[in-house]
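Visitor: Generate a structure from the sequence data that follows.
(one chain, ligands or ions: 1)
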Amino acid sequence: MAYMLVTGACGVLGGKFCELLAETDDLFLTGRSEERLLKLKEKIVSLGFSGDVLTFAADLNSEEDRAALFSFADENGVKFGGVINVAGADIRKEFVKYTPEKVVFQTRINFEAAVAVTHGAILRRAEKIKILAVSSMCAVMPMPYFALYSATKAALINFFTALRYEIKDAKITVLIAGSIPTRADVREDIKSQGITGRLSAKPPEYVAAKALKALNKGKRKIIVGFYNKFNYYFQKILPTAIKCGVMGNRWKKRPKDGF
Ligand SMILES: NC(=O)c1ccc[n+]([C@@H]2O[C@H](COP(=O)([O-])OP(=O)(O)OC[C@H]3O[C@@H](n4cnc5c(N)ncnc54)[C@H](OP(=O)(O)O)[C@@H]3O)[C@@H](O)[C@H]2O)c1
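Guide: This is a model prediction of the structure:
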């Protein structure tokens, strides 16, 4: 059977992807907490869809955990019909205030984990495979005080765009997401951005649905919402110094951590 592998499944956006995918696909869900995965599985089963749901708890920054996840898949005869790379960390602060562990953590979960999980799934792919990477509007320009997030999400765009040309029979899409009111701190953060936050924000279920539609159509990228599309193209004509000045001023005042 072909399973859709969803990383960050227990997160807010990940959960919305799972609910939508459950309508059509067998699911292989991963996150760090076994307990939260089992609760999510219960919720999905209660929706009444007939597909299979497998769960495997893994810290995707750990090579051992990733190997164990794929061993579990092999033991269960799993082939992957898709990967939805949602896991990520939006730590945002002055770079010198990071601990060395945080630098490694954010770099790995935002980029290495998505690449390694995708690699493992491709090696075990069903006849056809669909791959989605969740990037961000923050990736489309350098962002002082959000530099590592911006850079790792930009790396996702380059990597998955390039992969389309290597694996021509796969559907590979990058979601370049604007603001998504997910966790409580993210919702507060969007509110504090005023009009620009409101214009950029789209609900997680809407973003997930748009992303899956684009993936099924084999689109290279999906930007959700008029304001975000406008910004994506408008920022290209602005000088880098102006972009960095504006974004640096915005993010300097709004540090946040994550684990
Ligand atoms: N919210 C926004 O405005 C926005 C905008 C653009 C892009 N995004 C991206 O959308 C994605 C989902 O974000 P969200 O807002 O829904 O936040 P979220 O609920 O915090 O989801 C993040 C997910 O990443 C997983 N994760 C973190 N570190 C991990 C690790 N070491 N191993 C395995 N899983 C790990 C978490 O899994 P656990 O269940 O184990 O905690 C969690 O499910 C992220 O990639 C984010 O960068 C969000």
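
Visitor: so residue 133 makes contact with residue 160?
Guide: Yes: the criterion here is Cβ atoms under 8 Å, and residue 133 meets it with residue 160 at 4.5 Å. C-beta coordinates here come from the backbone N, C-alpha and C atoms, glycine included.

Visitor: the more surrounded of these two?
Guide: Set side by side, residue 133 and residue 160 show more neighbours around residue 133, with 28 against 23, by other Cβ atoms under 10 Å.

Visitor: So for the one helix or strand that one maps to, mean pLDDT?
Guide: Per DSSP states H and E, residue 133 falls inside strand 125-136. Strand 125-136 comes out with an average pLDDT of 97.

Visitor: which helices and strands sit right next to that strand?
Guide: Applying 3 or more Cβ pairs under 8 Å, 6 or more residues apart in numbering; DSSP states H and E, we find strand 125-136 packed against strand 2-6, strand 79-85, helix 113-123, helix 147-166, strand 171-177, helix 204-217.

Visitor: Residue 50 looks like it's in a strand, true?
Guide: No: the assignment for residue 50 (DSSP: H, G, I helix; E, B strand; the rest coil) gives coil, which keeps it out of a strand.

Visitor: Need phi/psi at it.
Guide: Main-chain torsions, residue 50, degrees, to the nearest 10: phi -90, psi 0.

Visitor: What of residue 49?
Guide: According to degrees, to the nearest 10, residue 49 has phi -80, psi 150.

Visitor: The ligand versus that one, what's the distance?
Guide: Using Cβ to the nearest ligand atom, to the nearest Å, residue 49 is found at 21 Å from the ligand.

Visitor: residues in the stretch 51-200 of the chain within reach of the ligand, list them.
Guide: By the rule Cβ under 6 Å from any ligand atom, the part of the stretch 51-200 of the chain lying against the ligand is 59-61, 86-90, 109, 134, 136, 177, 179-180, 182-183, 186.

Visitor: Now intersect these with the helices, please.
Guide: Of those, the ones assigned to helices by DSSP state H are residue 186.

Visitor: Check the residues of the stretch 51-200 of the chain next to the ligand for burial and list the buried ones.
Guide: 59-61, 86-90, 109, 134, 136, 177, 179-180, 182, 186 (16 or more other Cβ atoms under 10 Å).

Visitor: between those residues, which is closest to the ligand?
Guide: residue 88 (2.2 Å; Cβ to the nearest ligand atom).

Visitor: Which pLDDT value does the model give the closest residue to that closest one other than its chain neighbours?
Guide: The spatial neighbour of residue 88 that comes closest, neighbours along the chain excluded (Cβ to Cβ, 6 or more residues apart in numbering), is residue 110 at 5.0 Å. Confidence at residue 110, expressed as pLDDT, is 98.

Visitor: Could you report the neighbour count for residue 110?
Guide: Neighbours of residue 110 (other Cβ under 10 Å): 28.

Visitor: Would you check that my belief about it contacting residue 156 is correct?
Guide: Yes: in this structure residue 110 lies within contact range of residue 156 using Cβ under 8 Å: 7.2 Å.

Visitor: got any ranges where this structure has weak pLDDT?
Guide: Of all residues in the chain, those with pLDDT under 70 make up the ranges 1.

Visitor: in stretch 97-116, what's buried?
Guide: For stretch 97-116, by 16+ other Cβ under 10 Å, it's 98, 102, 105-116.

Visitor: measure it end to end?
Guide: End-to-end distance of stretch 97-116 (Cα to Cα, to the nearest Å): 28 Å.

Visitor: ok, and what's touching that stretch?
Guide: 7, 60-61, 63, 66, 85, 87-89, 91, 133, 148-149, 152-153, 155-156, 159, 255, 257-259 (Cβ atoms under 8 Å, 6 or more residues apart in numbering).
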